[in-house]
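**Q** With the input below, show me the fold.
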Amino acid sequence: MLKKGDEIEVDITDLSSEGKGISKLEDGFVIFSENALPGDKALIRIRRKKSSYAEAKLIEILSSSEFRIPPRCRYFGICGGCKLQNYEYKKQIEYKTNVVKNAFERIGGFNNLKIPNTMPCDEIFYYRNKMEFSFSDDKWLEEKDLNYARESFVLGLHVPKFHSKIVDIEECFLQSEISNEILNFTRKFFKSRNVSVYSTKTQSGFLRFLIVRQSKNNSELMINLITYDYDQNLMSEYSEELKKSFPEISTIINSISQKKAQVAIGDQNHVLNGNGFITEKLKTYSHKEYSFKISPQSFFQTNTRQAERLFNILVEFGDFRKGDNLLDLYCGTGSISIFISESVNKVLGVELIEDSIIDAKENVKLNDVTNIEFICSDIKDFLEQEDVMSDYNKLILDPPRSGLHPKICEVLSETKFDKIVYVSCNPHTQARDLQIICGKNNYSIEKIQPVDMFPHTYHVENVVSLKRVE
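**A** Numbering: from 1, shown residues only. Purely as a prediction, here's the structure:
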């Protein structure tokens, strides 16, 4: 019988939806192994044993998969950012397509669906428009460094499964080269002045997060330093030195957060330089351009180039006409509503977060759009109002990763929209929700298209259109 601590040789045949290597014993027992790829023959050690599966640590690659490649990043395997960077990109695309296929068959019960290949990303490095770096006094040390004194000032990215441990990053290939330069400048500036970093243990210290945001189409650059409190002299000096070294910076902000939780969101903002926001443009297939204001706390799709493709897929799947009235639930800052506005008669966007609605209304003014209304409401409460949907013939859903509340799915299963377009960053919760929405046979899946928004990760975005069954 297999037990914890056993070491065995296995053949890796597949990847799980979380990017772990899958192997099966002769009796069908499944083992998930970190850092293993399909085609690897590996020596693994059992870490955790359950009745139907086990989790294992990779000890040694005995023979490598033909699709295993050298990772570009020196922090690969430590930092949690790019778990699949050692897997050929074409195989990543195949993998993400299968993740969607398996979710819809196994969870949703949708068989015989034609799922096209995941739409690849042209830029598989330097594709992100936002990066969050954390300050910490708890540096991650590799075994070779354990005999040295532990560094009490680090700035970088989290180690998976560790609450406070941070990899001291000098170079990351996710955002841009200038982002790396700003990261290293910031570390050197505050470290040389012995400025304290926030500790999750003592819940004290000054420096918390560095956020770099870039608009890919407008070439604007925002630096947001999140600290525990405000030091006007120190921030003025940092802002002046930063702007002097990087004149292309558009705005510099110091956000204040005294929350115990390590969440990179400020409660108040001090604009140190510029106007406190940047703008980004997205282009439709009809060559119409829309601008979006991005404030320090604004949500915006993290991959600008793929966001354009994603939104254009929404337009195609919705088959929008000038007479259509569109209901956009979980509208966020209004980017989808605005993007589709030229194709329809009117749009109503609904969102729970008040700050997002404020940004959405500003974005409408920025683009001089007159056929959109936004309201702040809990989605379930909104849908429970009588006849609230009677004036709308098409619906877009873009919920958070956790998906829809079951009651929302039940309500939608009884509606009479001509089309529902559901975009999700989690195919598993999406498949679960669509099983309920389609369960009463009022809707059926018409089209489906996975999109790779985050190369080298196991994440995949998925767009599904439902048509009403007459």
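**Q** quick check: mean pLDDT across stretch 194-201?
**A** Stretch 194-201 shows a mean pLDDT of 92.
**Q** contacts for it?
**A** With C-beta atoms under 8 Å, 6 or more residues apart in numbering as the test, stretch 194-201 has contacts from 135-138, 152-154, 163-164, 204-208, 228, 234, 262. All C-beta spots, glycine's among them, are computed from the backbone N, C-alpha and C.
**Q** and if you look at stretch 287-296?
**A** The contact list for stretch 287-296, computed with C-beta under 8 Å, 6+ apart, reads 211, 213, 215, 218, 222, 224, 253, 255, 266, 269, 276-284, 300, 333, 335, 338-339, 342, 359, 362-363, 366-367.
**Q** So which residues lie in contact with the strand or helix carrying Glu241, not counting its own?
**A** For Glu241, the element it lies in under DSSP states H and E is helix 232-245. Under the criterion C-beta under 8 Å, 6+ apart, residues 182, 185-186, 189-190, 193, 195, 223, 225, 249, 252, 254, 270, 272-273 lie in contact with helix 232-245.
**Q** Among those, name the ones in strands.
**A** Among those, DSSP state E puts 223, 225, 252, 254, 270, 272-273 in strands.
**Q** For those residues, give me a markdown table that also has pLDDT.
**A** A markdown table is the format used below for these (pLDDT from 0 to 100):
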| residue | pLDDT |
| --- | --- |
| Ile223 | 98 |
| Leu225 | 98 |
| Ile252 | 98 |
| Asn254 | 98 |
| His270 | 97 |
| Leu272 | 98 |
| Asn273 | 97 |
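**Q** Include neighbour count and distance to Met389 when you put those residues into a markdown table, please.
**A** What follows is the ones in strands among the contacts of helix 232-245, written out as a markdown table (neighbours: other C-beta atoms under 10 Å; distance: C-beta to C-beta, whole Å):
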| residue | neighbour count | distance to Met389 |
| --- | --- | --- |
| Ile223 | 27 | 43 |
| Leu225 | 23 | 44 |
| Ile252 | 23 | 44 |
| Asn254 | 25 | 44 |
| His270 | 17 | 43 |
| Leu272 | 21 | 46 |
| Asn273 | 16 | 46 |
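**Q** So which bits of stretch 265-274 are buried?
**A** Within stretch 265-274, the residues that qualify as buried are 266, 269-270, 272-274, counting by 16 or more other C-beta atoms under 10 Å.
**Q** now for the ones in strands among the contacts of helix 232-245, which pair is the farthest apart?
**A** Set against one another by C-beta to C-beta, those have their most distant pair in Ile223 and His270, with a gap of 12.5 Å.
**Q** Identify the contacts common to the two.
**A** With C-beta under 8 Å, 6+ apart as the test, Ile223 and His270 both reach Ile253.
**Q** Near Cys82, how many residues? Count them for me, please.
**A** Using other C-beta atoms under 10 Å, Cys82 has 22 neighbouring residues.
**Q** Quick check: phi and psi on it?
**A** phi -130, psi 70 (degrees, to the nearest 10).
**Q** ok, it to Pro116 distance?
**A** Distance from Cys82 to Pro116, counting by C-beta to C-beta, to the nearest Å: 25 Å.
**Q** next one: Pro455
**A** For Pro455, the distance to Pro116 - C-beta to C-beta - is 18 Å.
**Q** quick one, which of the two is more surrounded?
**A** Using other C-beta under 10 Å as the criterion, Pro455 and Pro116 rank with Pro455 on top: 23 against 11.
**Q** which residues touch that one?
**A** So Pro455 contacts 89, 92, 121, 123-125, 127 (C-beta under 8 Å, 6+ apart).
**Q** Going through those, which ones are buried?
**A** Neighbour-count burial (16+ other C-beta under 10 Å) is assigned, among the contacts of Pro455, to 89, 92, 121, 124-125, 127.
**Q** Where does the residue nearest the centre of the chain sit: helix, strand or coil?
**A** The chain has Thr302 as the residue nearest its centroid, 6.7 Å off, counting by C-alpha atoms, centre = their mean. Classification of Thr302 using DSSP: H, G, I helix; E, B strand; the rest coil returns coil.
**Q** Any chance of the backbone angles for it?
**A** phi -80, psi -20.
**Q** Next, work out how far apart it and Thr251 are.
**A** 19 Å.
**Q** what does Lys191 give?
**A** The gap separating Lys191 from Thr251 is 24 Å, by C-beta to C-beta.
**Q** Which one of these two is surrounded by more residues?
**A** Set side by side, Lys191 and Thr251 show more neighbours around Thr251, with 21 against 16, by other C-beta under 10 Å.
**Q** mind listing what the closest residue to that one other than its chain neighbours touches?
**A** Ranked by C-beta to C-beta, 6 or more residues apart in numbering and with sequence neighbours excluded, the top spatial neighbour of Thr251 is Gly274, at 2.9 Å. Taking C-beta under 8 Å, 6+ apart, we find Gly274 in contact with 222, 249-252.
**Q** Which of those sits closest to Asp378?
**A** Met222 (30.5 Å).
**Q** Helix, strand, or coil at the closest residue to that closest one other than its chain neighbours?
**A** Nearest non-adjacent residue to Met222, counting by C-beta to C-beta, 6+ apart: Arg213, 4.2 Å away. Judged by three-state DSSP, the three-state class of Arg213 is strand.
**Q** Thr251 is in contact with Arg213, correct?
**A** No - counting by C-beta atoms under 8 Å, Arg213 stays clear of Thr251, with 9.4 Å between them.
**Q** Mutual contacts of these two, please.
**A** 221-222, 278.
**Q** Which of those residues ranks first by neighbour count?
**A** Going by other C-beta under 10 Å, Ile278 tops those with 25 neighbours.
**Q** Which residue is the nearest non-sequential neighbour of it?
**A** With sequence-adjacent residues excluded and distances taken as C-beta to C-beta, 6+ apart, Ile278 is closest to Glu220, at 3.9 Å.
**Q** Do a quick rundown of the helices in the stretch 301-450 of the chain.
**A** Assigned by DSSP state H, counting those that start in this stretch, the helices in the stretch 301-450 of the chain fall at 304-318, 335-340, 354-366, 379-383, 406-413, 427-437.
**Q** These: which one's closest to Ser23?
**A** Among the helices of the stretch 301-450 of the chain, the nearest to Ser23 by C-beta to C-beta is helix 427-437 (21.8 Å).
**Q** Could you tell me the angle between that closest one and helix 406-413?
**A** In terms of direction (axes from the mean of the first three to the mean of the last three C-alpha atoms, to 10 degrees), helix 427-437 departs from helix 406-413 by 50 degrees.
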